[in-house]
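Trainee: let's see this in three dimensions:
(one chain, ligands or ions: 2)
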Amino acid sequence: MKKTYLVTGGAGFIGSNFIYYMLKKHSDILLVNLDKLTYAGNLENLKGVEGDTRHIFVQGDICDCTLIRNLFEQYDFDYVINFAAESHVDRSIACPEIFVQTNVLGTVNLLQRTKEAWYNQETKSWKADKKYIQISTDEVCGALGKEGLFTETTPLSPHSPYSSSKASADMFVMAFHDTYNMPVNITRCSNNYGPYQFPEKLIPLIINNARHHSQLPVYGDGMQVRDWLYVEDHCKAIDMVTSSGKVGEVYNIGGHNERENIFIVKTIIGQLHDRLQDAGISEDLIKHVEDRLGHDRRYAIDPEKIKRDLGWYPETCFEKGIVLTIDWYLENQEWLDHVTCGEYQQYYKKMYKNRR
Ligand code: NAD
Ligand code: TYD
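Mentor: Ligands and ions are numbered 1, 2, ... in the order given. Predicted coordinates for the structure are as follows:
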């Protein structure tokens, strides 16, 4: 039976990959994509679905009560999947307010409007077969030392303004489940990489700088560890959680792929150097710069539950995923040029110029 989805933040990195994944995987669906088009949202990311009537783009804010109410009147959504967020830790350190606005208040608005549409006050029951999915992050769990993995029961202990806002959103989602019995799932993934990622994040920033022979900024000693997950694998997991995840459950989604930042940077340098036959792309470009405030040392996810319960596992090993990613950025340099002109230049100066 045809399913209708409200996908928020579908013009951003993971959201746009999700739109592509879903349209390829399912023929009989309708995806209504609500995105504010902040600096991180980009209609160029959706060029490949232009003309596909199964995708409808709506520009708007998840904080806008009337707009979302109208969307629920217009469409009988089966699923709401909330990707929309301010997503960059460094920006949250510089300016936390917008993170509270979008990530916390926007999520609560979305929950409220969804409840209005799906909950019958008279019969005190929810419409059947509906679900709200919150796309969260491993960062809500805080940081790990050398040992251990985050599981679904690890207590929330966020450190950055970004992760605090995401943890707060998670708590509201669970509060709606616990208080009103709202059908929800939360997914918590590790660091994604792949096509369409905005070059404020480590991997595309290093690719972009390296192709221009610009310095490659490594925060602190570069020995921080992230668990890298190829974005298409993440999209597959979200699809599986949406259709088969048990209501009220949290699912961790990780890549089984822990790497130190400096390893990531050196891998990209090696790949670009060899592929472009460019001697100017070398480790001499690496510059260790002042560390991020409150920098979390290590994140790592235990994805055993989603494997056991839904049969998902990360299919793309890092060696393959990084090649696919670099291929994409080399083939889409025009995209990179577009997103790094204008406002991005000011952002870059502000974040990196005075970093010792
Ligand atoms: P992104 O920054 O690339 O995209 C966010 C999208 O949300 C953009 O298209 C933006 O325009 C839109 N948006 C922002 N504020 C909005 C608002 N108020 N109303 C409507 N749309 C708005 O982020 P991403 O990397 O694609 O992340 C998507 C989700 O996944 C986020 O919730 C993020 O917290 C989570 N997440 C991301 C990662 C990662 O590695 N990228 C890891 C863990 C979790
Ligand atoms: P990032 O991609 O911002 O994701 P997150 O902070 O959500 O993990 O950063 C990944 C890691 O790379 C993180 O430890 C910070 C580090 N980093 C750098 O060393 N230099 C950079 O210029 C950036 C953007 C990140």
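
Trainee: does residue 187 touch residue 235 like I think?
Mentor: No - in this structure, residue 187 is not within contact of residue 235 by Cβ atoms under 8 Å, at 10.9 Å. Every residue, glycine included, has its C-beta placed from N, CA and C.

Trainee: name the residues of the longest helix anywhere in the chain that are buried.
Mentor: Among the elements of the chain assigned as helix by DSSP state H, the one spanning the most residues is helix 161-180. Burial within helix 161-180, assessed by neighbour count using 16 or more other Cβ atoms under 10 Å, is assigned to 161-174, 176-177.

Trainee: same check on stretch 99-119?
Mentor: Within stretch 99-119, the residues that qualify as buried by neighbour count (16+ other Cβ under 10 Å) are 99-100, 102-111, 113-115, 117-119.

Trainee: doesn't residue 146 lie inside a strand?
Mentor: No - assigned with DSSP: H, G, I helix; E, B strand; the rest coil, residue 146 falls outside any strand and is coil.

Trainee: what's around the residue nearest to it when sequence neighbours are not counted, how many residues?
Mentor: In space, residue 146 comes closest to residue 298 once its chain neighbours are excluded; the distance is 7.2 Å by Cβ to Cβ, 6 or more residues apart in numbering. Neighbouring residues of residue 298 were enumerated by other Cβ atoms under 10 Å; the total is 17.

Trainee: and the stretch 151-300 of the chain, which residues reach ligand 2?
Mentor: 191, 201, 202, 205, 217, 218, 219, 224, 226, 261, 292 (Cβ under 6 Å from any ligand atom).

Trainee: contacts for stretch 343-356, please.
Mentor: Applying Cβ atoms under 8 Å, 6 or more residues apart in numbering, the set of residues contacting stretch 343-356 from outside is 39, 90, 94, 199, 200, 217, 289, 290.

Trainee: wait, what's in contact with the second one?
Mentor: Right, the one you point to is residue 90. Residues 200, 292, 351 are the ones in contact with residue 90 under the rule Cβ under 8 Å, 6+ apart.

Trainee: can you put those residues in a markdown table and add secondary structure?
Mentor: Shown next, in a markdown table, are those (three-state DSSP):
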| residue | secondary structure |
| --- | --- |
| 200 | coil |
| 292 | coil |
| 351 | helix |
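
Trainee: by neighbours, which of these wins?
Mentor: So for the contacts of residue 90 (other Cβ under 10 Å), the most neighbours sit at residue 200, 21 neighbours.

Trainee: pLDDT score assigned to the residue nearest to that residue when sequence neighbours are not counted?
Mentor: Leaving aside its sequence neighbours, residue 200 sits nearest to residue 88 (Cβ to Cβ, 6+ apart; 5.3 Å). Turning to residue 88, the model gives it a pLDDT of 98.

Trainee: how about stretch 229-236: buried residues?
Mentor: 229, 230, 231, 232, 233, 234, 235, 236.

Trainee: do you know how far the residue located most distally from the centre of the chain is from residue 111?
Mentor: The outermost residue of the chain, judged by C-alpha distance from the chain's mean C-alpha position using Cα atoms, centre = their mean, is residue 122 at 37.3 Å. Computed as Cβ to Cβ, to the nearest Å, the residue 122 to residue 111 distance reads 21 Å.

Trainee: so what's residue 226 bridging to?
Mentor: Bridge pairing for residue 226 (DSSP bridges) gives the partners residue 259.

Trainee: next, count neighbours for it.
Mentor: Other residues near residue 226 come to 22 when the count uses other Cβ under 10 Å.

Trainee: pretty sure the residue nearest to residue 200 is touching residue 160, no?
Mentor: No - under the criterion of Cβ under 8 Å, residue 88 is not in contact with residue 160, lying 10.0 Å apart.

Trainee: the two: who's more crowded?
Mentor: For residue 88 and residue 160, the more surrounded residue by other Cβ under 10 Å is residue 160, and the numbers stand at 23 against 19.

Trainee: now do the residue nearest to residue 200 against residue 277, distance only.
Mentor: Applying Cβ to Cβ, one obtains 33 Å for the distance of residue 88 from residue 277.

Trainee: need the contact list for the residue in the stretch 51-200 of the chain that ligand 2 sits nearest to.
Mentor: When you check the stretch 51-200 of the chain against ligand 2 by Cβ to the nearest ligand atom, the closest residue turns out to be residue 89, at 4.1 Å. For residue 89, the residues meeting the contact criterion (Cβ under 8 Å, 6+ apart) are 139, 160, 162, 163, 292.
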